[in-house]
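*Asks:* Give me coordinates for this.
(chains A and B)
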Amino acid sequence: MMHEKVRVKLSELIGLAFQKMGVTVEVQSTYKTLVEPPNLELAHLAFGCFIVSKELKKSPALVASELYQSITDHFDLTEYGVQSVVAAGPYINFKLTPAFLFKNVVSDILDHSYFQRELIGPDLAQKTMIEYSQPNTHKELHVGHMRNLCLGDALIRLMRRAYGQEKIISSTFPGDVGTHVAKCLWYIKNHISEFEFQEQSGSDERGEWLGKMYSAGNLKLEDEASNPEQFERNKKQLTDILKQLENQSGEFFDLWKETRQWSIDLMNKVYLWADVTFDRWYWESEVDAASVETVKKYYTEGKLQKSEGAIGLDFSESNLGFCLLLKSDGTGLYATKDLELARRKFEEFKIQKSIYVVDQRQALHFKQVFKTLEHLGFEQAKDCFHLQYNFVELPDGAMSSRKGNIVPLMHLVSSMEEHVQHEYLNRYEKEWTKTEMEHVADAVAKGAIKYGMLKQDTNKKIVFDMNEWLKLDGESGPFIQYSYARINSLIKKFSYDHSQKINGELLMHAAEIQMMQHLMNFNSQILTSADGYKPASMCSYLYDTAKKFNVFYHECSIGHAENEDLKKARLSLAYATGLVLKEGLALLGIPVPERM
RNA sequence: GGCUCCGUAGCUCAGCUGGAUAGAGCAUCGCCCUUCUAAGGCGAGGGUCGUUCGUUCGAAUCGAACCGGAGUCACCA
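*Replies:* Residues are numbered from 1 along each chain as shown, chains lettered A, B, ... in the order given. The predicted structure is shown next:
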C-alpha cells in the first residue's frame, strides 16, 4: 500500500509525464521504484528507468532523458514539491523543496497523524498467531532466553503496527512436564532436606533455586549413569515420578504443583520486567494427554503409518525423514504435542497464519510438523512459518550446567542496572532522586539487553559478553536512548511550543534535509521489518536516525540559530526526530528515559 | 552421506525481492568539550564481498559446483 505522501506525489508526476510520452506506467510500480541515491548531493529521491526501458526496448539512459524532457516541458515542478530535476544516466534525480518535505513528513509527525497512517489495508492483513518464549519450568532462565523473548515481542509490536492490532495474537508454550521436571523433583527428594526445602519455599529466589536443583540433578544423574546398578535405580525412580505426574496424584504430583508455580512466578517476573504479555498461554501439560488421543484418532482413520512398532509419517521422499508421533510404548513426543497445539490454534483463534519463534535446531522438527499438518488436510499448513534464530553464546562457548557459567537472568539485569548507575548516572547523584536514578538505570539496562539481542540478524550467533555490552557506546540501545534524552532536554531548554507555526522552507541545510528525508522512511521501515520478520533492520534504521540527528545537532545549532524562525524550525525537526526514536524503540519494546 | 544456516575491513556485523563510488561499530592513529549532555562529532588507515563457472546491459545480491565452519538427521524436548 502506498502510505508515503512524498513518494505518492512524485509517482503521480512521473506517471503523468510518461502519459504525455504515450506510455502507461502504474503508479504503484513507480512508487516502489523511487529509490534513495547513494548521497543527497545527487538527489533526495531517484527514479531508475530500467523497468520501463525493458518494456519500451530503449536504453535506460534514453528513457531517462525523454522522461526528463517530458517533466520539464509540461509540468510546474513547484506544484509537486520538486526543487530540481536532473537526468543522470539511467536515473532521474529529484531534489525536493524543504517546505514540501517539512509539510509531508515533519508536520505529520508533529501532529502524530504520521504514526496513525494505515500501512496495509485490513483486507490484506492475515490473522496471525506468533508463538514465542517456550521456557521450561524447573529449569534455569538465562540470557539465552532473552533472544527469543525480545525477538518475539518486537515482532508482535511491529506486526501489530503494520497489520493492525487485532490481527496479531501472541502466545507462549511453556514446558511444565517432561523428564527435566522429573530430574529436578528427583534431586530435591533425594538430596535436599525437608528443612532446606521449607526454607527455599519462603524465598523470593525460589524460582532460581529450582533451576539450580535441575542442574544439580542432571549432573548427579550423569555421574551415576556409569554405575549400572545406580543407573537402573535412578531410571526406575524417574519413571515413577513421571507416572505420578501423568496420573495426577501422589507426593511428586503435589511437589510438582507447588514448584511449578515457583517457576511460573519467575517467568512472570521476567515478563513483567521485559514488558511482555501473552494473549494465550498454552501449557505443555494441557496438550500432553490430548495430543496422544488425537494421534490415535488419526491413526484409526488411516491417516498415519506404523513403522517398527511406532506411529508417524514417512517423509523420507522429501528428505524429511520419519516424523514420529507415537512411540512404540504408546506415549507421545514433542511433535505429537506441536501437532495438537497447532490444531488448537487454528480452531480456537481461526488464525490464517502461524509463526513459531524457536531456536534453529528445531528446523527439521517444524518442517515435519508442518508437513504432517498438510498431510492431515490443514489448509493453514502452508502459512505456518518457523522463524529460526541462532544461539546466544558466552565468550567461553556455550552455556552449560557443567561449566557452571549460567547466570540467572534477573541477576544479570540487576548487575547491569547497578553498573549503569555507578558508571554513568553517578554524575547526577546530587541532582536526581533515587527513584529517578533507578528508573533510568532500568530503562538503559533494558535498552542495552534488548537492542543487543535484536540488532543482529536472526541466523547469526550472538556472543553475550557482559563487559562488552556494558560499554553502551557505538551501535547500542543506550546510544539511541541518549540521543532521545538530548532531544528531550533541548525541547525543555528552548520551551518547544506545540501550537506555533513553523516555516519549513528554512530547513535547507544538508543535515536538515537529510534528517527530514530519513524520517520520511520510518513507516516504510516498519513494513519492511514486519514483512521480513526482521526487527534487526528496524534497529539499524533507528541507529541511523540517531547518528543523523547527531550530525544535525553538531552542524545546525538551535540555540545559536541566525533567527527565531530558524530556531523554531530546527527545534521542531529535533522534536519530530525524538518522536520517531521513541515510537521506533517502542516497536522494539525499548523504553526511553526522559533524561540520562 | 542427506538437509538447514553461515562465510563481506584486524574483530563483530549491515547491505542480499539484481542497479549510481561496497557501509557501520569496535580496535588503531589525528583533531573537536569557556559554545544546546564528549554515552557525542569530524578525519585517516584498512576489503581479490570464501573459490570457480553461469544468467544479465549490469552480480556482494540470482543459479550451479566446490572449499571452509556450525547445527541437525525416529522412540529426548
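
*Asks:* near RNA strand B, which residues of the stretch 151-300 of chain A?
*Replies:* Contact residues (Cβ under 7 Å from any atom of the strand) of the stretch 151-300 of chain A with RNA strand B: A:175, A:178-180, A:284. For the C-beta atoms, the positions are set from N, CA and C on the backbone; glycine is no exception.

*Asks:* The stretch 451-596 of chain A too?
*Replies:* Contact residues (Cβ under 7 Å from any atom of the strand) of the stretch 451-596 of chain A with RNA strand B: A:455-457, A:459-463, A:472-475, A:478-479, A:482, A:485-486, A:488-490, A:493, A:528, A:534, A:536-537, A:540, A:543, A:547, A:550-551, A:553-554, A:556-560, A:595-596.

*Asks:* Which entries within the residues you listed meet the buried criterion?
*Replies:* For those, a burial check counting by 16 or more other Cβ atoms under 10 Å picks out A:455-456, A:462, A:472, A:475, A:478-479, A:482, A:485-486, A:488, A:490, A:528, A:534, A:536-537, A:543, A:553, A:556, A:558, A:596.

*Asks:* Tell me which of the residues you listed fall in helices.
*Replies:* Applying DSSP state H to those, the entries found in helices are A:478-479, A:482, A:485-486, A:488, A:490, A:528, A:536-537, A:543, A:553.

*Asks:* so can I have a markdown table of these showing distance to residue A:504?
*Replies:* Formatted as a markdown table, those follow (distance: Cβ to Cβ, whole Å):
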| residue | distance to residue A:504 |
| --- | --- |
| A:478 | 32 |
| A:479 | 28 |
| A:482 | 27 |
| A:485 | 26 |
| A:486 | 23 |
| A:488 | 22 |
| A:490 | 18 |
| A:528 | 27 |
| A:536 | 33 |
| A:537 | 29 |
| A:543 | 26 |
| A:553 | 19 |
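
*Asks:* out of these, which one sits closest to residue A:371?
*Replies:* Comparing those against residue A:371 with Cβ to Cβ places residue A:536 closest, at 28.7 Å.

*Asks:* who touches the closest one in this structure?
*Replies:* A:454-458 (Cβ atoms under 8 Å, 6 or more residues apart in numbering).

*Asks:* which two in those are spaced the farthest apart?
*Replies:* A:455 and A:458, at 11.1 Å, using Cβ to Cβ across the contacts of residue A:536.

*Asks:* which one is the residue nearest to the spatial centre of chain A nearest to, not counting chain neighbours?
*Replies:* Residue closest to the average C-alpha location in chain A (Cα atoms, centre = their mean): residue A:154, at 2.9 Å. Distances taken as Cβ to Cβ, 6 or more residues apart in numbering put residue A:535 closest to residue A:154, at 3.8 Å, once the chain neighbours are dropped.

*Asks:* Hmm, the one you found is touching residue A:158, no?
*Replies:* Yes: taking Cβ atoms under 8 Å as the definition, residue A:535 is a contact partner of residue A:158 at 6.4 Å.

*Asks:* mind checking how far the residue located most distally from the centre of chain A is from RNA strand B?
*Replies:* When distances are taken from the C-alpha mean of chain A, residue A:229 lies farthest, 48.9 Å away, according to Cα atoms, centre = their mean. Applying Cβ to the nearest atom of the strand, to the nearest Å, the value for residue A:229 to RNA strand B is 21 Å.

*Asks:* Extract the CA atoms of the helix or strand containing that residue and return them as CSV.
*Replies:* Assigned by DSSP states H and E, residue A:229 falls within helix A:228-247. Extracted as CSV, the C-alpha positions of helix A:228-247 are listed here (Å, rounded to 0.1, in the frame of the first residue of the first chain):
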residue,chain,number,x,y,z
PRO,A,228,24.8,-49.9,36.1
GLU,A,229,23.2,-50.5,39.5
GLN,A,230,22.6,-46.8,40.3
PHE,A,231,21.6,-46.2,36.7
GLU,A,232,18.8,-48.7,36.9
ARG,A,233,17.6,-47.5,40.2
ASN,A,234,17.6,-43.9,39.1
LYS,A,235,15.8,-44.8,35.9
LYS,A,236,13.1,-46.5,37.8
GLN,A,237,12.7,-43.6,40.2
LEU,A,238,12.3,-41.2,37.3
THR,A,239,9.8,-43.4,35.6
ASP,A,240,7.8,-43.5,38.9
ILE,A,241,7.9,-39.7,39.1
LEU,A,242,6.6,-39.3,35.6
LYS,A,243,3.9,-41.9,36.2
GLN,A,244,2.7,-39.9,39.2
LEU,A,245,2.6,-36.7,37.2
GLU,A,246,0.7,-38.4,34.5
ASN,A,247,-1.9,-39.9,36.9
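
*Asks:* In that helix, which residues are buried?
*Replies:* In helix A:228-247, counting by 16+ other Cβ under 10 Å, buried: A:234, A:237-238, A:241-242, A:244-245.

*Asks:* Just name the closest of the ones in helices among the buried ones among the residues of the stretch 451-596 of chain A next to RNA strand B to residue A:30, please.
*Replies:* Relative to residue A:30, the closest of these is residue A:528; by Cβ to Cβ it sits at 18.6 Å.
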